[in-house]
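>>> Quick one, structure for this:
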Amino acid sequence: GIKISDDGLSVLKTLDSLESISLSGCKINGSGLKYISKNTTIKIIRLSGTGIVDENLSNLSELTNLEMLDLIETNLSGEGFKYLSRLTNLKDLNLNRSPITDEGLKYLINCKKMERLFLSGTKITDKSVPYVIAIYQGQETHSLFIEIYGTKISRKGVKELKKAGIEVNCDYKDLSSNLP
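Next up is the predicted model:
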């Protein structure tokens, strides 16, 4: 296969009408994303299975038209999400199987167009529930779907999310009981 490095991403700076980038599985840490950091035509970026680190999410902070970001199976803790808080057009964020924490989600409250948030297999707990509700309540479209299979969000947390009007896919088939 083709080996792509962060330095190799320099070719992207010449592509000024680029709308979609897929670097899934590439051995990059995200520093090479600086070459597209001013590109306002990009709508989709797929970085699943890469070695992207939290600090290099700063290279995405000015991609104001970004609508979809795939960070599945990355090692992001969520501290770098402070850079994503400026992506007000983000609609679809996939963080499945990444070690995202509750603290990381609070930075996403400014993402007022979020429609789909995938958080399965992450480290989030009921502490994330108010953040997700705040994302939804600050929203323009009032439509939010979240997926939280294999997290530490309890039945009580799921009930709160649903009561707020959020569509939730989770491990619990029965929410009527008081089980944790």
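
>>> The residue nearest to the spatial centre of the chain pairs with what?
The centre of the chain sits closest to Leu93, judged by Cα atoms, centre = their mean, with a distance of 3.5 Å. With DSSP bridges as the criterion, Leu93 is bridged to Leu69, Leu117.

>>> There's contact between it and Met114 in this structure, I believe.
Yes: counting by Cβ atoms under 8 Å, Leu93 touches Met114, with 6.8 Å between them. C-beta: built from backbone N, CA, C; applies to glycine.

>>> which neighbours do these two share?
Common neighbours of Leu93 and Met114, using Cβ atoms under 8 Å, 6 or more residues apart in numbering, are Leu108.

>>> For Gly8, give me the pLDDT.
We note a pLDDT of 83 for Gly8 in this prediction.

>>> check contacts around it.
Gly32.

>>> distance of it from Ser31?
The gap separating Gly8 from Ser31 is 11 Å, by Cβ to Cβ, to the nearest Å.

>>> now swap in Gly121 and tell me
26 Å.

>>> Kindly report the same for Leu47.
In terms of Cβ to Cβ, Leu47 sits 13 Å off from Ser31.

>>> Can you show me the helices along the chain?
102-105, 129-137, 155-163 (DSSP state H).

>>> quick one: low-confidence ranges for this structure?
1-2, 141, 177-180 (pLDDT under 70).

>>> follow-up on the earlier one: how about the helices of the chain, which one is nearest Met68?
Among the helices of the chain, helix 129-137 comes nearest to Met68, with 15.9 Å by Cβ to Cβ.

>>> Of all the residues in that closest one, which ones are buried?
129-136 (16 or more other Cβ atoms under 10 Å).

>>> Looking at the residues you listed, which is nearest Leu105?
Nearest to Leu105 out of these is Tyr131 (Cβ to Cβ; 4.3 Å).

>>> Run a quick neighbour tally on the nearest residue to the closest one once chain neighbours are set aside.
Excluding the flanking residues, the one nearest Tyr131 by Cβ to Cβ, 6 or more residues apart in numbering is Leu105, at 4.3 Å. Residues contacting Leu105 under the criterion other Cβ atoms under 10 Å number 24.

>>> Please name the residues that touch Leu105.
78, 81, 119, 124, 128, 131-132.

>>> Reformat these as CSV; add distance to Thr41.
Below are the contacts of Leu105 laid out as CSV (distance: Cβ to Cβ, whole Å):
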residue, distance to Thr41
Gly78, 27
Phe81, 23
Leu119, 28
Ile124, 32
Ser128, 32
Tyr131, 30
Val132, 30
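
>>> Those residues, buried ones only, as a ChimeraX selection?
Burial among these is assessed by 16+ other Cβ under 10 Å; the matching ChimeraX selection reads:
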select :78,81,119,124,128,131,132
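
>>> What is the end-to-end distance of stretch 161-176?
15 Å (Cα to Cα, to the nearest Å).
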